[in-house]
Each structure stands twice: as structure tokens, then as C-alpha cells.
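**Student:** take this sequence and fold it.
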Amino acid sequence: KLTTAEICRQNPRLMGYKIQLTVVKTNAEANEIKAYFRRRFPSIKAETDASLRPNYKILVGSYFKKETAAPDLRRIKEYFKNATIVQYYIFCAEAK
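**Tutor:** Residues are numbered from 1 along each chain as shown. Below is the predicted model of the structure:
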């Protein structure tokens, strides 16, 4: 069985999970939401996915499994009621 470090060396980017906070219509809205999120959760990385333009997804965290995302999702739902876990490519070295 490979260690996480060995898996990451072989696959720096792999399919995992992120928490999607919301989808908004403008980049300005996305930046406001990310700033709000970072003030409350400074240890969790936030990013914008603009692949659905004109809509922007705000995604946070990087997780190998849904189960490892669940505790963060519970905390995040206090501020973002519609947050959900989505399958997404992650950087292995950032994931938990």
C-alpha cells in the first residue's frame, strides 16, 4: 500500500472533493464571498472557478474523501446554508 506522499508524487492532481459554497453571477461577488469566508475560516483555502461563466463557483478546501470534508462542511453550513460537497480535481499535497 502506497503512502499519501507516494500517491502525491505519482499524481500531483487527482479527483477528490471540495466544498462548494455558492454560485454567483459576477467576479466581484465571488471575491466578496471569498473575503467573508477567509475571515471566518483562515486555515481553509478558497478559490473561484470561472469555468461556468457568466457564473462563478466558490470552492473551498481539498479532500481525498467526502468523510474528511464532512466536519468542515458542518462548520461552514453555519454561514453558508447551501454549501455542499462536490467532486473536483484537487492538488494532492493540499488535501486532507
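
**Student:** dump the residue contacts of residue 18.
**Tutor:** With contact taken as CB atoms under 8 Å, 6 or more residues apart in numbering, residue 18 is in contact with 59-63, 69, 85-86, 88, 90. Where C-beta positions appear, they are placed from N, C-alpha and C, glycine not excepted.

**Student:** and it, which of the three is it?
**Tutor:** Of the three states, residue 18 takes strand under DSSP: H, G, I helix; E, B strand; the rest coil.

**Student:** what's the distance between residue 21 and residue 64?
**Tutor:** Applying CB to CB, to the nearest Å, the value for residue 21 to residue 64 is 20 Å.

**Student:** between these two, tell me which one has more neighbours.
**Tutor:** Remark: of residue 21 and residue 64, residue 21 carries more neighbours, 23 against 17, as counted by other CB atoms under 10 Å.

**Student:** tell me the secondary structure at that one.
**Tutor:** Reduced to three states by three-state DSSP, residue 21 is strand.
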